[in-house]
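Asks: sequence first, predicted model second:
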Amino acid sequence: MSAKRPTKPRGELAELSAQLQGLCMTGKRSNVELRQAKKEAFKKVINYMTLGMDMSGLFPMMTSCANLSPDDIVLKKMLYLYITHYAASTPDLALLTINQLHKDCHDQDPTVRGLALRSLCSLRISNLLEYVVSPVTAGLDDRHPYVRRTAVMGVLKIWHMNAEVVESQGMLQHVQTLLAQDSDPQVVANCLTLLMQVQRVKRLASNKALMYSLINRMKEFSDWSQCQVLEMTAHYTPANEAEVYDLLNALEDRLGVNNSAVVLGAIKVFLYLTLNMTMTHQQVLERVKEQLKSLIARDEPAIVYAVLCHARLLAGRAPVIFEGDYMAFYCRSHDPWYVKQIKMEILTLIASATNVYDIVSELTEYARDINADIARQAVKAVGRIALLVSDVNGIVERLLLFLESGYDHIVAETLVQLKDLLRRYPDLGQVFSMGDIRPSGILDPEARAALVWILGQFGQHIQGAPYLLQPLADVFGTEPCNVKLALLTAAAKLFFARPAESRKLLGTCLAGGLNDPEQDVHDRSLLYYRLLRQDVHAAKSVIAGDANAPQALAFFSDELSPEAQQAIFEEFNTLSVVYQQPASLFVQSAQYHSHHAEDYEVSGDAGKDAVVTANLMHQPCLCRWRQRRRRCRGKQRCSRW
């Protein structure tokens, strides 16, 4: 019997390994053909690597193939990408590439020097940090600006891994010298980026000579670098009003550039520098209004949405600036739903006695939108305007007309808004009419709970209120939790106002609540039952209060408090404005290239801040500005002009 032939290993890894080994030998192919074959093989490796396949076993063959063609920049780029990707998982093999990278750092071609230096700084291996410091220090003094740019960012990578090495080697002082003296704008921009992360921005902005130097070179920088300079300028404290005007004049042209990020950065500088100058601040608001309107008119939805978020913040602080330009926030037919939604929120904020009926008429048209979410948002906006504008009679009539629309989603949202409106203006309950609407016919749980609350709160003025709620009480156990809670309270209030008609209703609700599996429903039912058994008059004062003098509600939990608005304003031109939350509530400090904050330790005040931030991220009750459970710790400023 003949012996079995050994089988060749199969798979992409084995195939590429054999191909790379063959490419290490020239054979009969020309140099051009060999290079092209190497590029194709390297492209396959990179492609498989990006797909998540483990290609680390090809480390020796990849380096050998690239070293045989040392003057091919494309091969070096792909090799450096491969090395930095697998260096952390194969540190022993990565150590073998140090000599090659060091050699390339002294290459005559500045592109090769820069690529090698960038790859060397991206190895992310703390044990190899000693081999990185010397090339980076030499790169800071390189004659070519591309290498200096790369070296500056390399200092930042070293600082994230070991800040003591950067300080002991004097790299920060070297970077500060480059920031003040280097002729290349991108090198200066990289130095500024590094120092803004390493040092506090306010400390950096205290250098008046540096800041004026950067402002004078503003047009040389890229758009991103201009944003960095503007961010630093926003934290500068001018000596007097004359200096404020000088800075405003110097940055006036940044309000007219095409890049929206630069425009918003300039607006931030203008607003921050004039906070203590009331009249000038008002003029600044009028000035930047035109820039905001120009950005809003663009056709890029993502940019428009970000700008609208900032306009919403300014409208909340000073609604008077947009009162005459409310038509700029009308929805366009091709606007995405999220842009329409935020535009309606802004229309709610800027509504006043002079424009309220025009805005409400426009919102009424939006309520006919085929998109149910847009229609509900329009009804919600009308209801919010009724809460903010004192003359509400005409707006209430519009809301009541929505009840006759015949569309379930519009009727549901109208009931929710009417509930809030009656909580703000309880006198309207005496003339309120529900028409033919029955709670059992409302499908939306929130709207059904709102209607139940209305019937319980104003049941003495609504004929047949107890009988409208009785069908819900008969199927008490099938209702959602919020409807059960509302039904319990409404039944108790009706019992105090109309005891003979509501006795059966209350008994049915209490019996269903005491046997309910929901803890909140069970506890409230037990509380009401014991109060009624102990003292009916005491129970009435606790549950119903003074029915003859209902207390109007002045503030709703979903409204941003002045403290929260101020905290968000202090983080203007950041994601805080989009999320409507301070950055400390959604940004968690973490070590560079680390996926878990608990995998490292930070000393000093930075460690305390990281621990506090991590704790806040795991305590949802502290992360709700709308519930006002956490007071703003930011610097208080008056938001009235």
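Replies: Sure, I can see it. Numbers count the residues shown, from 1 in each chain.
Asks: count of residues packed around the residue lying closest to I543 once chain neighbours are set aside?
Replies: Spatial nearest neighbour of I543, excluding adjacent residues (C-beta to C-beta, 6 or more residues apart in numbering): A492 at 4.8 Å. Where C-beta positions appear, they are placed from N, C-alpha and C, glycine not excepted. Using other C-beta atoms under 10 Å, A492 is surrounded by 26 other residues.
Asks: I'd like the numbering to begin with 736 instead of 1 from here.
Replies: In the new count, where the first residue is 736, that last one comes out as A1227.
Asks: what about A1227, which helix or strand?
Replies: Per DSSP states H and E: A1227 is located in helix 1216-1232.
Asks: now for that helix, which elements pack on it?
Replies: With contacts taken as 3 or more C-beta pairs under 8 Å, 6 or more residues apart in numbering; DSSP states H and E, helix 1216-1232 sits against helix 1180-1192, helix 1200-1209, helix 1234-1249, helix 1254-1269, helix 1271-1278.
Asks: pick the most deeply packed of these.
Replies: Ranked by mean neighbour count under mean count of other C-beta atoms under 10 Å, these are led by helix 1180-1192, which reaches a mean of 24.
Asks: extract the CA atoms of that helix and return them as PDB.
Replies: This file holds the C-alpha atoms of helix 1180-1192, laid out as PDB (Å, rounded to 0.1, in the frame of the first residue of the first chain):
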ATOM      1  CA  PRO A1180     -52.300  54.700  27.300                       C
ATOM      2  CA  GLU A1181     -50.800  58.200  28.100                       C
ATOM      3  CA  ALA A1182     -53.800  59.900  26.500                       C
ATOM      4  CA  ARG A1183     -56.200  57.600  28.300                       C
ATOM      5  CA  ALA A1184     -54.500  58.400  31.600                       C
ATOM      6  CA  ALA A1185     -54.700  62.100  30.800                       C
ATOM      7  CA  LEU A1186     -58.500  61.900  30.100                       C
ATOM      8  CA  VAL A1187     -59.000  59.900  33.300                       C
ATOM      9  CA  TRP A1188     -57.100  62.700  35.200                       C
ATOM     10  CA  ILE A1189     -59.300  65.400  33.700                       C
ATOM     11  CA  LEU A1190     -62.500  63.500  34.600                       C
ATOM     12  CA  GLY A1191     -61.300  63.100  38.100                       C
ATOM     13  CA  GLN A1192     -60.000  66.600  38.600                       C
END
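Asks: give the contact list for the nearest residue to N897 once chain neighbours are set aside.
Replies: Once flanking residues are discounted, N897 sits nearest to L864: 6.0 Å by C-beta to C-beta, 6+ apart. Residues counted as contacts of L864 (C-beta atoms under 8 Å, 6 or more residues apart in numbering) are 893, 896-897, 900.
Asks: format these as a markdown table; extra columns: secondary structure and pLDDT.
Replies: Below are those laid out as a markdown table (DSSP: H, G, I helix; E, B strand; the rest coil; pLDDT from 0 to 100):
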| residue | secondary structure | pLDDT |
| --- | --- | --- |
| I893 | helix | 91 |
| M896 | helix | 87 |
| N897 | coil | 88 |
| V900 | helix | 89 |
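Asks: mark which of those are buried, thanks.
Replies: Of all the contacts of L864 considered here, the ones buried according to neighbour count by 16 or more other C-beta atoms under 10 Å are 893, 896, 900.
Asks: from I860, how far out is the first one?
Replies: Spelled out, it's I893. Note on I893: its distance to I860, by C-beta to C-beta, to the nearest Å, is 12 Å.
Asks: cool, and the last one?
Replies: Distance from V900 to I860, counting by C-beta to C-beta: 14 Å.
Asks: other residues contacting stretch 834-844?
Replies: Residues outside stretch 834-844 that contact it (C-beta under 8 Å, 6+ apart): 798, 802, 808, 811, 847-848, 850-852, 854-855, 866, 870, 873-874.
Asks: wait, which of those residues is closest to I1172?
Replies: Distances from the contacts of stretch 834-844 to I1172 were compared by C-beta to C-beta; the smallest belongs to S854, at 69.6 Å.
Asks: can you pull the contacts of the nearest residue to that closest one once chain neighbours are set aside?
Replies: Closest residue in space to S854, ignoring its immediate chain neighbours: Y815 at 3.8 Å, by C-beta to C-beta, 6+ apart. If you count contacts by C-beta under 8 Å, 6+ apart, Y815 has them with 850-851, 853-854.
Asks: tell me the mean pLDDT for the host helix or strand of Y815?
Replies: Element membership of Y815, judged by DSSP H and E, is helix 808-821. If you average the pLDDT over helix 808-821, you get 84.
Asks: what helices and strands are in contact with the next helix or strand after it?
Replies: Downstream of helix 808-821, the first helix or strand assigned by DSSP H and E is helix 826-831. Applying 3+ C-beta pairs under 8 Å, 6+ apart, one finds that helix 826-831 makes contact with helix 794-802, helix 808-821.
Asks: possible to save those as JSON lines with distance to N1250?
Replies: Putting those into JSON lines (distance: least, C-beta to C-beta, whole Å) gives the following:
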{"stretch": "helix 794-802", "distance to N1250": "68"}
{"stretch": "helix 808-821", "distance to N1250": "61"}
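Asks: before we move on, the earlier item: ok, which of the helices and strands packed on helix 1216-1232 comes nearest K1028?
Replies: Once the helices and strands packed on helix 1216-1232 are compared by C-beta to C-beta, helix 1180-1192 is nearest, at 35.5 Å.
Asks: what lies in contact with that closest one?
Replies: Helix 1180-1192 is touched from outside by 1146-1148, 1150-1151, 1153-1154, 1157, 1161, 1164, 1167, 1169, 1172, 1174, 1177, 1197, 1200, 1203-1204, 1207, 1214-1215, 1217-1218, 1220-1222, 1224-1229, 1285, with contacts defined as C-beta under 8 Å, 6+ apart.
Asks: run the angle between that helix and helix 1200-1209 for me.
Replies: 140 degrees (axes from the mean of the first three to the mean of the last three C-alpha atoms, to 10 degrees).
Asks: can you give me the mean pLDDT across helix 1180-1192?
Replies: 90.
Asks: list the contacts of E1148.
Replies: With contact taken as C-beta under 8 Å, 6+ apart, E1148 is in contact with 1110-1111, 1114-1115, 1118, 1137, 1182.
Asks: what separation is there between it and D1108?
Replies: Counting by C-beta to C-beta - E1148 and D1108 are separated by 10 Å.
Asks: now do the shared contacts for the two.
Replies: Going by C-beta under 8 Å, 6+ apart, no residue sits against E1148 while also sitting against D1108.
Asks: ok, back up a step: need the contacts of L864 in TSV (columns: distance to M1014).
Replies: Output for these, formatted as TSV (distance: C-beta to C-beta, whole Å):
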residue	distance to M1014
I893	49
M896	50
N897	51
V900	51
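Asks: pull the most distant pair out of those residues.
Replies: When those are compared pair by pair using C-beta to C-beta, the farthest-apart members prove to be M896 and V900, with a separation of 7.9 Å.
Asks: thought L990 was touching Q1026, still the case?
Replies: Yes - under the criterion of C-beta atoms under 8 Å, Q1026 makes contact with L990 at 5.1 Å.
Asks: hey, what's in contact with both of the two?
Replies: Shared contacts of Q1026 and L990, defined by C-beta under 8 Å, 6+ apart, comprise 998, 1002.
Asks: weed out the non-buried ones from the contacts of stretch 834-844.
Replies: Buried members of the contacts of stretch 834-844, counted by 16+ other C-beta under 10 Å: 798, 811, 847-848, 850-852, 854-855, 866, 870, 874.
Asks: make JSON lines out of those residues and add secondary structure and distance to L769.
Replies: Compiled in JSON lines, the buried ones among the contacts of stretch 834-844 are given as follows (DSSP: H, G, I helix; E, B strand; the rest coil; distance: C-beta to C-beta, whole Å):
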{"residue": "T798", "secondary structure": "helix", "distance to L769": "17"}
{"residue": "K811", "secondary structure": "helix", "distance to L769": "16"}
{"residue": "V847", "secondary structure": "helix", "distance to L769": "20"}
{"residue": "R848", "secondary structure": "helix", "distance to L769": "25"}
{"residue": "L850", "secondary structure": "helix", "distance to L769": "22"}
{"residue": "A851", "secondary structure": "helix", "distance to L769": "23"}
{"residue": "L852", "secondary structure": "helix", "distance to L769": "28"}
{"residue": "S854", "secondary structure": "helix", "distance to L769": "24"}
{"residue": "L855", "secondary structure": "helix", "distance to L769": "27"}
{"residue": "Y866", "secondary structure": "helix", "distance to L769": "31"}
{"residue": "P870", "secondary structure": "helix", "distance to L769": "30"}
{"residue": "G874", "secondary structure": "helix", "distance to L769": "32"}
